[in-house]
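**Student:** Sequence first, then the predicted structure:
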Amino acid sequence: MNAFKRTTVGLAVAAALSLSMAHAQVSDNVIKIGVLNDMSGLYADLSGPGSTLAAKMAVEDSGIEKRGYKVEIVSADHQNKADIGSAIARQWYDADKVDVIVDVPNSGVALAINAITKEKGKAFLGSGPASSDLTGKACSPNTVHWTYDTWMLANGTGSAVVKTGGDTWFFITADYAFGHALERDTAAVVTKSGGKVLGDVKVPLNTQDFSSFLLQAQASKAKIVGLANAGGDTINSIKGAAEFGIVKGGQNLAGLLVFVTDVNSLGLPTAQGLVLTETFYWDLNDQTRAFAKRFAPQYKGIHPTMIHAGVYSSVLHYLKAVEALKSDDGTKVVAKMKEMPTDDPLFGKGTIRADGRKIHPAYLFEVKKPSESKGPWDYYKVRATIPADQAFRPMKDGGCPLVK
Amino acid sequence: MTEIFGVPTQALFGQLLIGLINGAFYALLSLGLAVIFGLLNIINFAHGAQYMMGAFCAWLLLEYWGVGYWWSLLLAPIAVGVTGVVIERTMLSRLYKLDHLYGLLLTFGIALIFQGLFTQHYGSSGQPYRLPTEFSGGYNLGFMFLPKYRAWVIVASLVVCLSTWYVIERTKLGSYLRAATENPSLVQAFGINVPRMITLTYGFGVGLAALAGVMAAPIYQVSPQMGANLIIVVFAVVVIGGMGSILGAILTGFGLGVIEGLTKVFYPEASNTVIFVIMVLVLLVKPAGMFGRER
Amino acid sequence: MTPGAAPRGGIWVATGVMTAALAIAPFVGVYPVFLMKALCFALFACAFNLLVGFGGLLSFGHAMFLGTAGYVCAHAAKIWGWPPELAILAGTLAATLLGVVAGALAIRRQGIYFAMITLALAQMMFFFYVQAPFTHGEDGIQAVPRGMLFGLLDLSETLIMYYVVLTIFVAAFLFICRIVNSPFGQVLQAIRENEPRAISLGYDAERYKLLAFVLSAALSGLAGSTKAIVFQLASLTDVHWTMSGEVVLMVLLGGMGTIFGPVVGAFAIIGLENYLSGFGQWVTVITGGIFVVCVLAFRRGIVGELGAWWAQRK
């Protein structure tokens, strides 16, 4: 068996050599990128096929194919199930010669991919997942966590809101690991900044009616109602809050994980006044606007979310590292990516830390009033910018075994 | 202020009312399910998807043709009801002689198809449906702020539920329907077109689901997944009420809304599970449900 | 539902062919991880079929056995550091115990009420696993070590793992064949066909049904434990009610009450899932379409219809 394996590898290497002397190290002469995310469920709009599109745009913009490299992009739906996701990942790495997996929203799936990627010595660029464990307990030399994480969301929204006077909080928390982590981290930040947490309620996932919990939030008299949930749960809690006059009654909502697509589906009349943290917004500067202008027409008019932007920027940086190394060996490329400073049109200049955390600024946004919005997708105004060195968890607090 | 288990009574009133409003949705949905089961012997697992289609229909009417909420209340159930009629004629009618299981599986498949198609077309994050202006604002009840729309939901649902119950249990048309389920060939012999009556009944049950969907559209997000998890809850309501019992479905719907509402105060984590605990207990003590009779 | 099974000799031959085909499959280009996944589900479907196909009891909560075993096995292997054989055994045992409790409650009711009680119990188990800290919520128990089987076989080697899974599957499959053709299996089928009559013949129907339920739960647990070791994770997916629905689909598609039906059904569904994963949103539509076509056009399932066609030709 082993002899057989060695011969095949030998043959493959020989074939690769004969085909292309210039970049002999690129396995089977093709850089194969696998976009793995939720194509059909809750997260299909904010990552889904849009992430595949973003990856394609990154390959185009890198110009790498003009320099003789071949790049191929495949995509698949993990259906938010860790076993399906890991089966696809294994097949991609073992049989289909995929070199790098990108995106992967849903922390459960991402943690599984993180482990498999390490085992196989490939590369994983996580734009979609939230769990800060990816650069903490579970950190890996083969993973870069690109766009955002729970610590950053909690810190950004928590500290900024307390600074602007929102010093008493009530949490409506999705009753699962992600919600608990968000609440725990935010509560810590709120208390540290001198605020107080008055209470919380843990709500089962996929609850349709939030009015009961909103009444409890109302009764707590907290100035800020923190929504430690995501997707449809966040949307329905915000709708309920508008209906029950929570905001009119003087309380404010803080969404801990809200994407621009969520705001779009809520509509400004309902979402106005909501504060939230993201690391990207399409209308930040000329370069992000140019990107959105190319992206939206190819994606049913949906403007890029921070996850799409993260896929674009991570793939761009990955390709740069491959070219610099003339190799697509996962472990080496990720090491190279950490060594090289990042620079791209969407996130600007940045770095990747030893624990795999990509560092860039984060923004506290407020959703505009309908009267302030100039047109479709004109939703946010910047309330505060959190500088790159403060946006993410300090490396020493993460407990990542790589940096001990 | 007096308190019950550490919760002020005032707040508890508010929670009970909220529970009752949610119960109104359960009642409307389980009513449709109970009508279909009682008269067709089909467990309609597509009910959640048809609820979602009702909401989408209202949204489409408003978005593309500018048709408002009131017309949607009428048009959306008819439109979705028609799709129900087509499904009954082409597929369900072949299954009446078989085990319940097959009807359940077929309608489950249909639900998946609809959900997939709507996600494909309209995206997963959903669409907003504006609250009709007549309903903006609300009443201050002293112990809580009651949005006008929620008050309307409870009234409308009660009216629909009670009139359906009246038609089926107390009118001539209803007696034909009930007779047709007991002994179709005899009723046929009296010159009544039984297959057509059954088809229309299914259309009506589906229409009720769509009506609930239209009523839900302004307060919940109109999204392809909105009915996916509701179906097993509503189905549990029907089972607890006693399968096929119209009154049982209505009363259990409201009752479970209240129980769920109380759970949301005392043990919110379990608010999605409490219904199933009750279902096990009821089935073990009263096998045919609270208001059902053993067949 | 089709009665009984094919003649016994045929079954041994067919089992031999199936085993041989599976044994060489990795060498003719079939990806072993896909095969292992399909085998775990095939075992799960066979266990489910034992209950619904031969016992006539449709459970709508079988995911609780798959998931419970997965969690217990993963926890034993990862946190307690147990070797894989003991971890798998622990998972199976946990599912068996759960099967005794759930079965004792559920078999008191029939038909749709039986299905509803199993569904409700499964929902309660789901709630428990969401709340229990050791499951890590939706993140699941990750990076479970595969370990050394009996201290000898290194399961982190894909092919070794594959043959272990295949052995477990074939052994369980033969065990199920044995049960079905045993006097116990015959009585069970008699109860399915006509319960009052079986009772009047002096059989204690409740005890037979309970035993069938527990056996089915135990075998589902074996599938769940094996799956946890193969994928090195245990997650909420396996206890969710949609998983209970999926196994119904597998058995229905393959052929309820046939010996090979569940295996064919599981391979077909897992294959579709694998093949269609690139089609994104169409997956749901296609799965739904399969349900509809199955119920309308071939209710006996692939194997059932083939069997009927074969019988007619003779």
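**Tutor:** That came through, no problem. Note that the structure is a prediction, hence the values are computed from the model and not measured. Numbering: from 1, shown residues only, chains lettered A, B, ... in the order given.

**Student:** and after the top helix by length along chain A, which helix or strand comes next?
**Tutor:** Longest helix in chain A, counting residues (DSSP state H): helix A:306-325. Using DSSP states H and E, the helix or strand that follows helix A:306-325 in sequence is helix A:330-339.

**Student:** residues touching B:Gly23, list them.
**Tutor:** Contacts for B:Gly23 were tallied using Cβ atoms under 8 Å, 6 or more residues apart in numbering or on different chains; they are B:Gly253, B:Phe254, B:Gly255, B:Leu256, B:Gly257, B:Val258, B:Glu260, B:Gly261. (Glycine included, C-beta is placed from N, CA and C.)

**Student:** one more time with 6 Å, if that's ok
**Tutor:** Counting by Cβ atoms under 6 Å, 6 or more residues apart in numbering or on different chains, B:Gly23 touches B:Gly253, B:Phe254, B:Gly257, B:Val258.

**Student:** Without its sequence neighbours, what residue ends up closest to residue 35?
**Tutor:** You didn't pick a chain, so chain A it is. A:Ser75 (4.1 Å; Cβ to Cβ, 6 or more residues apart in numbering or on different chains).

**Student:** meant chain C, my bad for not saying
**Tutor:** C:Ala25 (5.8 Å).

**Student:** Run a quick neighbour tally on the one you found.
**Tutor:** 17 (other Cβ atoms under 10 Å in any protein chain shown).

**Student:** Could you measure from it over to chain B?
**Tutor:** 30 Å (Cβ to the nearest Cβ, to the nearest Å).

**Student:** Pretty sure the residue nearest to A:Val35 sits against A:Ser51.
**Tutor:** No: applying Cβ atoms under 6 Å, one finds A:Ser75 not in contact with A:Ser51, separated by 7.8 Å.

**Student:** For these two, list the residues in contact with both.
**Tutor:** In contact with both A:Ser75 and A:Ser51: A:Val35, using Cβ under 6 Å, 6+ apart.

**Student:** Have a look at these two and say which one is more surrounded.
**Tutor:** The neighbour comparison of A:Ser75 against A:Ser51 (other Cβ under 10 Å) goes to A:Ser51, with 33 against 22.

**Student:** need the contact list for that one.
**Tutor:** A:Val35, A:Asn37, A:Asp103, A:His308, A:Val311.

**Student:** That one belongs to a helix, doesn't it?
**Tutor:** Yes: applying DSSP: H, G, I helix; E, B strand; the rest coil, one finds A:Ser51 inside a helix.

**Student:** and it, what pLDDT?
**Tutor:** According to the prediction, A:Ser51 has pLDDT 94.

**Student:** any idea how far B:Gln120 is from it?
**Tutor:** 17 Å (Cβ to Cβ, to the nearest Å).

**Student:** before we move on, what about C:Ile290?
**Tutor:** 17 Å.

**Student:** Repeat that for A:Val311.
**Tutor:** Distance from A:Val311 to B:Gln120, by Cβ to Cβ: 22 Å.

**Student:** ok, is stretch A:104-117 in contact with chain C or not?
**Tutor:** Yes: counting by Cβ under 6 Å from any Cβ of the partner chain, chain C has neighbours in stretch A:104-117: A:Ser107, A:Gly108, A:Leu111, A:Ala112, A:Ala115.

**Student:** Quick one: mean pLDDT for that stretch?
**Tutor:** Mean predicted lDDT for stretch A:104-117 stands at 91.

**Student:** Please state the offset of it from the chain centre?
**Tutor:** 12 Å (Cα atoms, centre = their mean, to the nearest Å).

**Student:** Dump it to PDB, restricted to CA.
**Tutor:** Below are the C-alpha coordinates for stretch A:104-117, written out as PDB (Å, rounded to 0.1, in the frame of the first residue of the first chain):
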ATOM      1  CA  VAL A 104     -17.700  28.400   6.600                       C
ATOM      2  CA  PRO A 105     -20.300  30.400   8.600                       C
ATOM      3  CA  ASN A 106     -21.600  28.500  11.600                       C
ATOM      4  CA  SER A 107     -19.100  28.000  14.400                       C
ATOM      5  CA  GLY A 108     -19.900  24.300  14.900                       C
ATOM      6  CA  VAL A 109     -19.000  23.400  11.300                       C
ATOM      7  CA  ALA A 110     -16.000  25.800  11.300                       C
ATOM      8  CA  LEU A 111     -14.500  24.100  14.400                       C
ATOM      9  CA  ALA A 112     -14.700  20.800  12.700                       C
ATOM     10  CA  ILE A 113     -13.100  22.100   9.500                       C
ATOM     11  CA  ASN A 114     -10.400  23.700  11.600                       C
ATOM     12  CA  ALA A 115      -9.400  20.300  13.100                       C
ATOM     13  CA  ILE A 116      -9.500  18.500   9.700                       C
ATOM     14  CA  THR A 117      -7.500  21.200   8.000                       C
END
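
**Student:** does that stretch come close to chain B?
**Tutor:** No: contact of stretch A:104-117 with chain B is not found when judged by Cβ under 6 Å from any Cβ; the minimum separation is 11.8 Å.

**Student:** related to what we said a few turns ago, name the residue in A:Val311 and B:Gln120 with the higher neighbour count.
**Tutor:** Set side by side, A:Val311 and B:Gln120 show more neighbours around A:Val311, with 33 against 17, by other Cβ under 10 Å.

**Student:** Skipping adjacent residues, who's closest to the closest residue to chain A within the stretch 101-250 of chain C in space?
**Tutor:** Closest residue of the stretch 101-250 of chain C to chain A, Cβ to the nearest Cβ: C:Gly137 (3.3 Å). Once flanking residues are discounted, C:Gly137 sits nearest to A:Ala177: 3.3 Å by Cβ to Cβ, 6+ apart.

**Student:** you'd agree C:Ile176 is up against C:Ala45?
**Tutor:** No: contact between C:Ile176 and C:Ala45 fails when scored by Cβ under 6 Å: they sit 10.7 Å apart.

**Student:** okay, the two: which has more neighbours?
**Tutor:** Using other Cβ under 10 Å, the more surrounded residue of C:Ile176 and C:Ala45 is C:Ala45, with 32 against 22.

**Student:** Extract the C-alpha trace of the helix or strand harbouring the more buried one and format it as CSV.
**Tutor:** Using DSSP H and E, C:Ala45 maps to helix C:32-55. What follows is helix C:32-55, C-alpha atoms only, in CSV (Å, rounded to 0.1, in the frame of the first residue of the first chain):
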residue,chain,number,x,y,z
PRO,C,32,-13.8,5.7,1.9
VAL,C,33,-15.1,8.5,4.1
PHE,C,34,-18.2,8.7,2.0
LEU,C,35,-18.6,4.9,2.3
MET,C,36,-18.2,5.1,6.1
LYS,C,37,-20.8,7.7,6.4
ALA,C,38,-23.2,5.7,4.2
LEU,C,39,-22.5,2.6,6.2
CYS,C,40,-23.3,4.3,9.5
PHE,C,41,-26.6,5.6,8.1
ALA,C,42,-27.3,2.2,6.5
LEU,C,43,-26.9,0.6,9.9
PHE,C,44,-29.2,3.3,11.4
ALA,C,45,-31.8,2.7,8.7
CYS,C,46,-31.6,-1.1,9.2
ALA,C,47,-32.2,-0.7,12.9
PHE,C,48,-35.1,1.6,12.2
ASN,C,49,-36.5,-0.8,9.7
LEU,C,50,-36.4,-3.6,12.3
LEU,C,51,-39.0,-1.6,14.2
VAL,C,52,-41.1,-0.1,11.5
GLY,C,53,-40.8,-2.7,8.7
PHE,C,54,-41.0,-5.9,10.8
GLY,C,55,-42.7,-4.6,14.0
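
**Student:** following that helix, which helix or strand shows up next?
**Tutor:** helix C:63-78.

**Student:** what sits against A:Gly128?
**Tutor:** A:Asn37, A:Ser47, A:Asp103, A:Val104, A:Pro105, A:Ile307.

**Student:** Between which two of those is the distance greatest?
**Tutor:** A:Val104 and A:Ile307 (9.9 Å; Cβ to Cβ).

**Student:** Near chain B, which residues of the stretch 101-250 of chain A? Just list them.
**Tutor:** A:175, A:201-204, A:206, A:208-209, A:211-212, A:215, A:219, A:235-236, A:243, A:245.
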